[in-house]
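# Take a look and give me a structure for this.
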Amino acid sequence: MSDLIQYSVFDMDRTITRGGSYSPWLIYWAWHEAPWRLLLLPLSLLAGGAYVAGFVSRGRLKEINHRLLMGRRVPMDRIAPRAEGFARWMVPGRTFRGAQARIDAEKAEGRTVVIATASYTFYVHAIAARLGVEHVVGTKSHRDASGAVLAKLDGENCYDGAKRDMVTAALPPRETLHVRFFSDHHSDAPMFEWADEGFAINPTPKLRALAEARGWQVIEWE
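Here you go, the predicted structure:
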């Protein structure tokens, strides 16, 4: 293993952070930038119901909520300072101490740490920086010619098998790697199966059962 490039890949929401980050981000943005958009939250709930009923995909739901609470087009120079503020709000107050300790330990071993998340990269990079993580694989938004962020996904929603495929594309060839993967959720089963070592963090019941069957380590943080 010493000749292999060593990576440690962490899911973010509910693995590093105590809860999800996307809905809090949207509310944080609207509260600071356009409070009137909070009046559109009932429409967001309707869109969520459409997702549960199977009428819209998870990725399409993100686009709808983005359009409702952030707007169709937002210059990145407006997003960047808000992302920094949101990251300060999230880290360390809304992250697991065990997660930060484990990230630090993985880095101390000489491993490259990556956050792989379904959340949008335009705010995740700020959170990752405060955690001491340089590398992010996540859901991207289209940009216009000026670089402004649009309410439209650029590529796949970084979730389930798409997360594995996006991580695979971002890392060096698989045969050169030793990979550890950390997540709380059973939707990350494709990543767990792909990795050399799996760590189920505060796992969902489905992931706990899968971890017990596959021999992945179960860790309870706080």
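
# Which helix or strand contains A83?
When elements are defined using DSSP states H and E, A83 is found to belong to helix 76-90.

# whoops, I mixed them up, M166
If you go by DSSP H and E, M166 is part of helix 161-170.

# which helices and strands sit right next to that helix?
strand 112-120, strand 135-139, helix 189-194 (3 or more C-beta pairs under 8 Å, 6 or more residues apart in numbering; DSSP states H and E). For glycine as for every other residue, the C-beta is placed from the backbone atoms N, C-alpha and C.

# ranges for the helices of this structure?
22-33, 41-52, 58-69, 76-90, 97-108, 121-131, 161-170, 189-194, 205-214 (DSSP state H).

# So for G147, which of those sits nearest?
Taking C-beta to C-beta, helix 76-90 is the member of these nearest to G147, at 5.2 Å.

# could I get that closest one in CSV with only the CA atoms?
What follows is helix 76-90 as a C-alpha-only set of coordinates in CSV (Å, rounded to 0.1, in the frame of the first residue of the first chain):
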residue,chain,number,x,y,z
MET,A,76,-20.1,35.0,-8.3
ASP,A,77,-18.7,38.1,-6.6
ARG,A,78,-22.0,38.3,-4.7
ILE,A,79,-22.0,34.7,-3.8
ALA,A,80,-18.4,34.4,-2.6
PRO,A,81,-18.7,36.7,0.5
ARG,A,82,-22.0,35.1,1.4
ALA,A,83,-20.4,31.6,1.1
GLU,A,84,-17.6,32.7,3.4
GLY,A,85,-20.2,33.9,5.9
PHE,A,86,-22.2,30.7,5.7
ALA,A,87,-19.0,28.7,6.1
ARG,A,88,-18.2,30.6,9.3
TRP,A,89,-21.7,29.8,10.5
MET,A,90,-21.3,26.1,9.7
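
# mind listing what the residue nearest to the spatial centre of the chain touches?
If you average the C-alpha coordinates of the chain and look for the closest C-alpha using C-alpha atoms, centre = their mean, you land on T117, 2.3 Å from that point. When contacts are counted by C-beta atoms under 8 Å, 6 or more residues apart in numbering, T117 is found next to D11, M12, D13, V124, V136, V137, G138, T139, C158.

# For the helices and strands packed on helix 161-170, state which one has the densest average packing.
Here the criterion is mean neighbour count by mean count of other C-beta atoms under 10 Å, and of the helices and strands packed on helix 161-170 the winner is strand 112-120, at a mean of 24.

# Okay, now the sheet partners of it, with direction.
Pairing partners of strand 112-120, with direction, according to DSSP bridges: strand 5-10 (parallel), strand 135-139 (parallel).

# who's in contact with G19?
Remark: with contacts taken as C-beta under 8 Å, 6+ apart, G19 is in contact with D13, R94.

# what's the most buried one of the helices of the chain?
By mean neighbour count, with neighbours taken as mean count of other C-beta under 10 Å, helix 121-131 ranks first of the helices of the chain at a mean of 22.

# what's it in contact with?
Outside helix 121-131, the residues within contact range by C-beta under 8 Å, 6+ apart are 12, 16-17, 21, 25, 76, 79-80, 82-84, 86-88, 90-92, 95, 99-100, 103, 115, 117, 134-136, 138-141, 149.

# cool, and stretch 51-58?
For stretch 51-58, using C-beta under 8 Å, 6+ apart, the contacting residues are A47, A50, R60, L61, I64, A118, N157, Y159.

# Adding distance to A129, write those residues out as CSV.
Written out in CSV, the entries for the contacts of stretch 51-58 read as follows (distance: C-beta to C-beta, whole Å):
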residue, distance to A129
A47, 31
A50, 35
R60, 29
L61, 27
I64, 29
A118, 19
N157, 23
Y159, 23
